[in-house]
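S.K.: Provide a 3D model corresponding to the input given below.
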Amino acid sequence: MMLPVTQVLAFGAWLVAQSTATARGPTISIFLKPPGTIPPGGSTTICCSCECDNGQFVLYRSGGRVNTLPRLHGSRAEFSISNVTQGDAGGYHCHYMDGDTVLARSETVEVLVHEFRLPEPILSVLPGHDVVAGADVVFHCNITRPRAGCFLYLEGWVRELAFLSNGADYKLSRVRKGYEGRYSCQCFVRGTSFEWSAVSKTLDLMVRDYTWTNVVRLGLGAGVLLLLGLIVAEAMYSHRHKTGPR
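M.R.: Predicted coordinates for the structure are as follows:
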């Protein structure tokens, strides 16, 4: 089993950066929904979010402004691109602007457009979709192509979470609430050109914290079970004592 320590450390660093970003001023996060390479004729949504005031989101591609109006959802703007072609491929980034003043800039997210020629991979997770904080979680992306490489995606990330050889595992150690989200994977084979698969079906990971309330509930449950066991044992003892040996 492969333990990608560097990627786990990068994940932790990203979580810390997200929690401290507001202290340094407004920043924009950007990601694709759904993540991954897109087939010609497909669609994608570029999502930009910022805890900013008194401005508007503007989308840029290769330095030029994209004349697409976003759908606004609170602090997030969604720019939809449908019926994509190779002409839509490239790097996109968001500005948050007040008039001509740029208040914040995002990183660049890459839109890749390729035909899908490989079968859809299957993503699985152990021990399951619903885990307790502190547990280890293992993702497995499998496709019927032995030489394929696969990317593991987490929706909301500007880039892929990890690269995996086909059939390899990706382990997240001691998960916490920040690891929750929608995961998927996508595979490719590199020959004279890249051949891509579709993106797998998504898996939603939920991480539950053990709060004191949960501990008390577990303790009460264990106490009730113990009490029931004692009552049953006492009843059996009394029955045998009354009937006596045969």
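
S.K.: centroid residue for the protein?
M.R.: Geometric centre of the chain, nearest residue: L154, 2.8 Å, by Cα atoms, centre = their mean.

S.K.: chain neighbours aside, what residue packs nearest to it?
M.R.: Leaving aside its sequence neighbours, L154 sits nearest to L161 (Cβ to Cβ, 6 or more residues apart in numbering; 4.7 Å). Heads up, the C-betas are built off the backbone N, CA and C, glycines and all.

S.K.: that older thread, residues touching the residue nearest to the centre of the chain, list them.
M.R.: L154 makes contact with 35, 161, 181-183, according to Cβ atoms under 8 Å, 6 or more residues apart in numbering.

S.K.: redo that, cut-off 7 Å
M.R.: L154 makes contacts with 161, 181, 183, as judged by Cβ atoms under 7 Å, 6 or more residues apart in numbering.

S.K.: with R61 instead?
M.R.: Going by Cβ under 7 Å, 6+ apart, R61 touches 90-92.

S.K.: can I get the buried part of those as one ChimeraX selection?
M.R.: ChimeraX command restricting the contacts of R61 to the buried ones, with burial defined by 16 or more other Cβ atoms under 10 Å:
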select :92
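
S.K.: which ones are touching the closest residue to F194 other than its chain neighbours?
M.R.: Once flanking residues are discounted, F194 sits nearest to F188: 5.3 Å by Cβ to Cβ, 6+ apart. Going by Cβ under 7 Å, 6+ apart, F188 touches 148-149, 194-197.

S.K.: bridged to F188, which residues?
M.R.: Beta-bridge pairing for F188 (DSSP bridges): G149, W196.

S.K.: how near is it to F31?
M.R.: Distance from F188 to F31, counting by Cβ to Cβ, to the nearest Å: 20 Å.

S.K.: before we move on, the earlier item: relative to H140, how far out is the residue nearest to F194?
M.R.: Using Cβ to Cβ, F188 is found at 17 Å from H140.

S.K.: so where's this structure shaky on pLDDT?
M.R.: For the chain, applying pLDDT under 70 flags the ranges 1-25, 210-219, 221-222, 224, 237, 239-246.

S.K.: so the residue nearest to L154 makes contact with C150?
M.R.: No - contact criterion Cβ atoms under 7 Å: L161 and C150 do not qualify, at 11.2 Å.

S.K.: nice, that's everything, thank you.
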